[in-house]
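[1] return a 3D structure for these sequence lines:
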Amino acid sequence: MALQPADTRPMTRRETEVRRFVRARYGLRGTLALHRHALGLDLLRAPVNVTLSPLFLLSRLGAALLRRIGARRAGDWLGQRRIFLKSDVAQRIEADLAGFVAELAEQGLAPPAAPETVARAVSDYAETRNAVAEITTSLLVMGAGLLLFHRATPGVFSLVEPVAHLRAQTQAIENFALGSWAGRMWYGAFPRQLSGTELLLTGTILAMLASVVTTFAGLVADPVQTWTGTHRRRLLRLLQRLDRAEAAPGLEREHVLARLGDLSDAALSLWRSLRG
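    All right, here's what the predicted structure looks like:
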């Protein structure tokens, strides 16, 4: 049975418990403890999950479209497909959050919900948090591009060419037969041309580094979201969803923002390549 909106006392107590949980789990100490679980197989899962992110977005958009045209059963089935590899950090988040929801139910601050409904809700919460980590990585990459190359680099794609060029120029200057001083003069006038292999190798290395950064991006993103109240509001929305016994939410905006960054990165890289 859903909580009555007019009964403000339980809602106030629930909000207090949510604030306490968020501070304990996603404050600086909490997120440091959480990311200890990332020091293992998560470092291998991270690049796979980054690669699967576009597929995740397509599956959620397809599910929403199917529900829109009346094929609700097919939309629910597609929306419940698990796309990402479950990380150890995500498992820890889901276990903590499921336990918190159970505690609220015992205290009468949340209605009892079916285990599968709770499991689905907390899994979606963990996936949304991972999307925020991807957004954080994109912001860090953007900052690195502006700082090092004075150009917008919303993602790894647009960072590949300047990084590869810098590496190739530096190596060519150091190996110049007449010395590095003469090498700087020569390659300043005649920049070293990049091969496709060099671009591919640089892109692969940067993608792997970005996936590692994404794995630990919560060390920055979690305290910031705790301070701004984002974690609290997202968790309250999850509880409201359980109040209504909803099993399948719409696509969270964090996933859309993360993929918009990828699309803008690809578009910018294509535009620069066409311009030469």
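
[2] contacts and neighbour counts: CA atoms only from here.
    OK.

[3] any idea how far the residue of the chain most remote from its centre is from His165?
    In the chain, Leu178 marks the outermost C-alpha relative to the chain mean, sitting 47.6 Å out by CA atoms, centre = their mean. Note on Leu178: its distance to His165, by CA to CA, to the nearest Å, is 21 Å.

[4] what's the answer for Ile93, then?
    The value you get for Ile93 to His165, if CA to CA is used, is 41 Å.

[5] Leu85 now?
    Distance from Leu85 to His165, by CA to CA: 34 Å.

[6] ditto for Met185
    To His165, Met185 is 16 Å away according to CA to CA.

[7] ok, the two, which is more surrounded?
    Neighbour count, other CA atoms under 10 Å: between Met185 and His165, His165 has more, with 18 against 12.

[8] tell me the secondary structure for that one?
    helix (DSSP: H, G, I helix; E, B strand; the rest coil).

[9] quick check, pLDDT for it.
    What the model reports as pLDDT for His165 is 74.

[10] quick check: longest helix of this structure.
    helix 115-149 (DSSP state H).

[11] sec struct for the residue farthest from the centre of the chain, please.
    Here Leu178 takes the coil state, with states given by three-state DSSP.

[12] likewise Ala245?
    coil.

[13] does it really touch Pro112, like I thought?
    No - taking contacts as CA atoms under 8 Å, Ala245 lies outside contact range of Pro112: 9.5 Å.

[14] identify the contacts common to these two.
    Here Ala245 and Pro112 have no joint contacts, going by CA atoms under 8 Å, 6 or more residues apart in numbering.

[15] contacts only, for the closest residue to Val118 other than its chain neighbours.
    Excluding its sequence neighbours, the residue lying closest to Val118 (CA to CA, 6 or more residues apart in numbering) is Ala98, at 6.7 Å. By CA under 8 Å, 6+ apart, Ala98 lies in contact with Val118, Ala119, Val122.

[16] relative to Phe21, how far out is Ala98?
    Going from Ala98 to Phe21 by CA to CA gives 12 Å.

[17] one more: Thr51?
    Taken as CA to CA, the span from Thr51 to Phe21 is 32 Å.

[18] so the two - more neighbours on which side?
    More neighbours surround Phe21 than the other of Thr51 and Phe21, with 19 against 13 (other CA under 10 Å).

[19] gap between Thr16 and Asp88?
    Applying CA to CA, the value for Thr16 to Asp88 is 28 Å.

[20] which of those two has more neighbours?
    Asp88 (19 against 13).

[21] pretty sure the more buried one is touching Ala38, no?
    Yes - applying CA under 8 Å, one finds Asp88 in contact with Ala38, separated by 6.4 Å.

[22] what stretches of the stretch 1-150 of the chain score poorly on pLDDT?
    1-11 (pLDDT under 70).

[23] quick one: the helices in it, in order.
    8-26, 28-35, 42-68, 72-79, 88-106, 115-149 (DSSP state H, counting those that start in this stretch).

[24] how about the third one: buried residues?
    Judged by neighbour count using 16 or more other CA atoms under 10 Å, the buried positions of helix 42-68 are 42-43, 45-47, 49-50, 53-54, 56-57, 59-64, 66.

[25] any idea of the angle that helix forms with helix 115-149?
    120 degrees (axes from the mean of the first three to the mean of the last three CA atoms, to 10 degrees).

[26] relative to helix 72-79, how tilted is helix 42-68?
    170 degrees.

[27] and helix 42-68, what does it pack onto?
    In this structure, helix 42-68 packs against helix 72-79, helix 196-216, helix 253-275, with contacts taken as 3 or more CA pairs under 8 Å, 6 or more residues apart in numbering; DSSP states H and E.

[28] let's go with 6 Å and repeat that
    helix 72-79 (3 or more CA pairs under 6 Å, 6 or more residues apart in numbering; DSSP states H and E).

[29] do the first one as well
    Applying 3+ CA pairs under 6 Å, 6+ apart, we find helix 8-26 packed against no helix or strand.
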